[in-house]
Structure formats: structure tokens, C-alpha cells
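Novice: structure for this input, please:
(one chain, ligands or ions: 1)
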Amino acid sequence: MSRIDYLERIPNNVDLAGNRRLQRALEEWQPKFLDWWMEMGPEGFQAADVYLRTAVGVDAQGWAHFDWVRMPEYRWGIFLAEPEPQRLIPFGDHKGKPVWAEVPGEYRATLRRLIVTQGDTEPASVEQQRHLGRTCPSLYDLRNLFQVNVEEGRHLWAMVYLLDAYFGRDGREESEALLQRRSGDADKPRILGAFNEPTPDWLSFFMFSFFTDRDGKYQLASLAESGFDPLSRTCRFMLTEEAHHMFVGETGVGRIVQRTCEVMREGKTDDVRGRGVIDLPTIQRYLNFHCSVSLDLFGSEISTNAANFYTNSLKGRFEETKRDDDRQLKTALFPVTTLDGERVVTRDEPALTSLNERLRDDYVADCARGVARWNQVIARAGIDFELTLPHRGFHRAIGAFAEVKVAPDGRLISEAEWDAHHREWLPTDEDRAYVASLMTPVTQPGAFAPWIASPARGINGQPADFTYVRFTP
Ligand code: BYC
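Specialist: Below you'll find the model as predicted:
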């Protein structure tokens, strides 16, 4: 397997030492990144020793090494998946030609925009989560939060490498700007909507990791098909890390659901707010919120941008190489759920301009599988309740549904009906205050906050009472 050189100031498997100009650019950016990390990264824990995994190779097997690290000393680096020999462009107008090792001049601006948009989400999520350590439900969860955070930091490095290596001065300026924008800032916000929403509590964090990180999976998988090979290889390795983030989200919500169900059974009641756990309707409202803002991240149903990304062989479909159509889609159609006047309809649209929607479909199907697993937890407890994904038109700010009000069940409704009912569908101030009231930190090894079940197993096979984070006195 291709080892990563850890003797370098910036660990990498891209022979940085052989490219002095690039090495200098990245070494100039490194202290700025660290300043950003100290200012905007996990608050209050920069001196703690955390049991973190670090990539030591880029193979699917055995790529991670676990050890104690202070987060500012984490070895953020540049890791690309191994090149596929003789890889050919899998789709679009350039299908069948050798992949590009350099940026084609005519696609420079478009590619830069795609890479910046992706890169911007990574520091944004760290900023959104920076206060959560203070209210961790356990050392196990605290460690998982920090693992996610350092890896999002590494994903920023991944995009900055592409910008600095392939986009010259413009790229270096973009790399600086990625450290300047701030999640939720009125003057210099992050680019995409969901990354400006606060993540105030751990239920939000787990929902974000389930829904929003999963958008990351689908966007990265589409970019991993790119004809621009360095982008493809970068995204392929990022996907390996991303899987853990979604695990954190899915098992986090699953453990909350499990604990709630236990308390419902013990007390033979669904009125559990007085009993220190999060009631299922509140979990549903958080789900509705995070699902809908994440659906927005796929862009409009009909998008000429998406068509151009595909036609230019820059951004493919999910699992593009497994599709057995012509992979150019010039005459193909795709069923798109959208608005027709006052009605929600599904109608055939040109496949090329529908690519955002197609990716959203793949995403929704994946989300549904996770929700079904949560419902198994509820069913096993013998409780008559089902969590459901809201209709894709619900609470949207991007695309056709942004213009109208849609109920979670997909009915188009009036403003008055929305006003009368939205408190049943989205987290209310009371919900958020209640969830916040449960967020008291638990830091004894092996202990868990009363609103969340313990995990099925420890990280890297560690025992239940393992001290995942050591605080310095
Ligand atoms: N908020 O043609 P349209 C992750 C803009 S998450 C604000 O439909 P397009 C992660 C759009 O930019 C994955 N603006 O859009 C997860 C466009 O502006 P311009 C992130 C939005 O281009 C957790 C205009 O509206 N990766 O990795 O087809 C933790 C017209 O829209 C939004 C990527 O996003 C929005 N939600 O599709 C950490 C991949 N949506 O160009 C990390 C790269 C659209 O007219 N990005 N707009 O000025 C893309 O592939 C595309 O840019 C998008 C949008 C899918 C985002």
C-alpha cells in the first residue's frame, strides 16, 4: 500500500517535496489554517489528548492508525487514492478519452467553483460544532465529535491542495478565502445554506452527521467520477473517511431513540419529557428540519449548471461507472417531482438538466434505509410509532418548492395552514430549550448521559470504560 510520508512538515502521498513552489504555498497556508483551527475549532479542548485515528495509507484495508493526539498537533495532510492505471473518462462529451492530469483551460472557472463549494463546507461544519464538546454525553461521543472535526479539517486540506496545485494564484486566493468566511456570519457567510445553520445540541449534531454528511457522500461520489483525475482521487479517499461520520450520525440518533423507547416502556407512557429523555415527536421534528435543509444542498430540480458539469465530464452521477446507459444522456429522460401550478407532479424531464434531482433520489433512498433501521429499534421495543422522511417539497429554500408551502406528507398547503401547523413539523423554541436542558456534560469513562444509550461496541475494539479523551489538569 502507498505509505504516507510523515517525516514531511505536511504529510502527503503526492511527492510534495518534489514540487518546491507548491510546497512553499502550502507551508505558508499551514499556519493560517492552524490559526483558524485555534480560533474556530473545538472550544476548550485544544490541550486534551484525544484517541484519534490518522490515515497512514490510502488502501481500503488497514489505512488508519489510532493514538493519542492533541488536536492542534493532528497531522493534517494530503492523501489521494491510488491512481487507476489507464483510467478513461467515464461520462459526458469526453467519455472514453484518457482522464486529465491537469485542468482543461476551458473548464477552469467551473472546476474551481465546484472545488471551492465543496471545500467551503468542511471548515463550516467545524465552526458549527465548535461548542458541542462542552455538553458531551460521554467521552466516547466526545472523541467521535473530534474525529469528525479533524477529518473535516483534513478535507479542507484536500480541496486546498487542489486549488494551490492546479489553479495558480486564483487558487491560492480561494484557499485564503476558505479561512475567511464564517458559518452563520451575516457579512461573510459560508456558501451553502445548511452550513450557516447552528448546531446547538447533540441531537442536531447527530442529525447533521446523518443527513448533511450524507449529502457529502453523494456529492463526493459524483466528483469522484470526474474526468479531472486529481479531483477524482482526492474525493475517493475522502469518501473512506466520510463513512465514519455517517456512522456517528446514524448510531447517535439510533441510541437516542433506543433510550427513549426504554424509558417509554419502563414508564408505560409516551409522555417522557419529565423523565430526562427526548420524546419521539421531537426527534421527528429535528429529523424534518435536518432532512429538508440537506435536500436543499442538491440544488434546483432543473439545473443547467448540473447539465454542464456532466456534459463537460466534470461531475458524474452516483456510481456512474455502474450505469449501463450511454453515459451522455443527450436524449434520455428522467422523472422529476416538481410543481405544476398548484399541484405536485412527477413528470419526465431531460435527464441532463435533471441530474441534481437524480442525485437527490439516490440520497433519499439511502436516508430511508437509515430511518428504517431506527424504526426497527422502536418496533423491537414494541412501541407503535414510526419515524418518516418528510416529502422532498417540505420546508425547502432552493428549487421549485421554495416558492410554496408543503406539508411533510407532500400536500401543497396555504400559508394559513402552514402558520397553524408548522410547530408540529419543525423544532419549536420549546423543543430546542428542552433538548438544551438535557445537555449536561458526562465525562466519567464508561458513563453516558441519561438520554442516550451506550454504543454496541467501542472505537477500535476498546472496552466500554475506555478513556477516549484525557484532560490535562
Ligand atoms: N445554498 O443550478 P443550481 C459536505 C446556488 S456536503 C446556497 O440548482 P447547481 C459536508 C448554486 O451555487 C457536500 N446556494 O445549482 C457535509 C447556483 O449558484 P450560481 C458539498 C445554492 O450549481 C457535512 C445557483 O444557486 N459539496 O461535503 O446545479 C460536513 C443555482 O442553483 C444552494 C458540494 O456541494 C444552496 N443549498 O448545484 C462537511 C459539491 N444550492 O452558480 C462537509 C459541489 C444551489 O448560479 N457543488 N445554490 O452562482 C455542486 O455540485 C453544486 O454547486 C451544488 C448546486 C450541488 C451545490
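Novice: so after the top helix by length along the chain, what's the next helix or strand?
Specialist: Scanning the chain for the longest helix, with DSSP state H as the assignment, gives helix 229-267. Moving toward the C-terminus from helix 229-267, the next helix or strand (DSSP states H and E) is helix 280-296.
Novice: mind listing what's buried in the very next helix or strand once past that next one?
Specialist: Next along the chain after helix 280-296, taking DSSP H and E as the criterion, comes helix 304-311. Neighbour counts using 16 or more other Cβ atoms under 10 Å place Asn305, Ala306, Ala307, Asn308, Phe309, Tyr310, Thr311 of helix 304-311 among the buried residues. The way it works is simple: take the backbone N, C-alpha and C, and place the C-beta from them, glycine included.
Novice: same check, this time on stretch 250-269
Specialist: Under the neighbour-count criterion of 16+ other Cβ under 10 Å, stretch 250-269 has 250-261, 263-264 buried.
Novice: pipe the residues you listed into TSV and attach distance to the ligand and pLDDT per row.
Specialist: Listed next are those as TSV, based on distance: Cβ to the nearest ligand atom, whole Å; pLDDT from 0 to 100:
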residue	distance to the ligand	pLDDT
Glu250	14	98
Thr251	17	98
Gly252	14	98
Val253	15	98
Gly254	19	98
Arg255	20	98
Ile256	20	98
Val257	22	98
Gln258	24	98
Arg259	25	98
Thr260	25	98
Cys261	28	98
Val263	30	98
Met264	31	97
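Novice: give me the residue from the stretch 251-400 of the chain nearest the ligand.
Specialist: Nearest residue of the stretch 251-400 of the chain to the ligand: Gly299, at 2.7 Å (Cβ to the nearest ligand atom).
Novice: flag the shaky bits of the stretch 1-150 of the chain, pLDDT-wise.
Specialist: 1-3, 60-62 (pLDDT under 70).
Novice: all strands for it, in order.
Specialist: Secondary structure of the stretch 1-150 of the chain (DSSP state E, counting those that start in this stretch): strands located at 49-55, 64-70.
Novice: buried deepest among the ones you listed, which one?
Specialist: Highest mean neighbour count of the strands of the stretch 1-150 of the chain: strand 49-55, a mean of 21 (counted as mean count of other Cβ atoms under 10 Å).
Novice: out of the buried residues of helix 304-311, who's near the ligand?
Specialist: Among the buried residues of helix 304-311, the residues that sit close to the ligand (Cβ under 6 Å from any ligand atom) are Asn305, Ala306.
Novice: columns pLDDT on top of the buried residues of helix 304-311, output as JSON lines?
Specialist: Output for the buried residues of helix 304-311, formatted as JSON lines (pLDDT from 0 to 100):
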{"residue": "Asn305", "pLDDT": "98"}
{"residue": "Ala306", "pLDDT": "98"}
{"residue": "Ala307", "pLDDT": "98"}
{"residue": "Asn308", "pLDDT": "98"}
{"residue": "Phe309", "pLDDT": "98"}
{"residue": "Tyr310", "pLDDT": "98"}
{"residue": "Thr311", "pLDDT": "98"}
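Novice: thanks a lot, catch you later.
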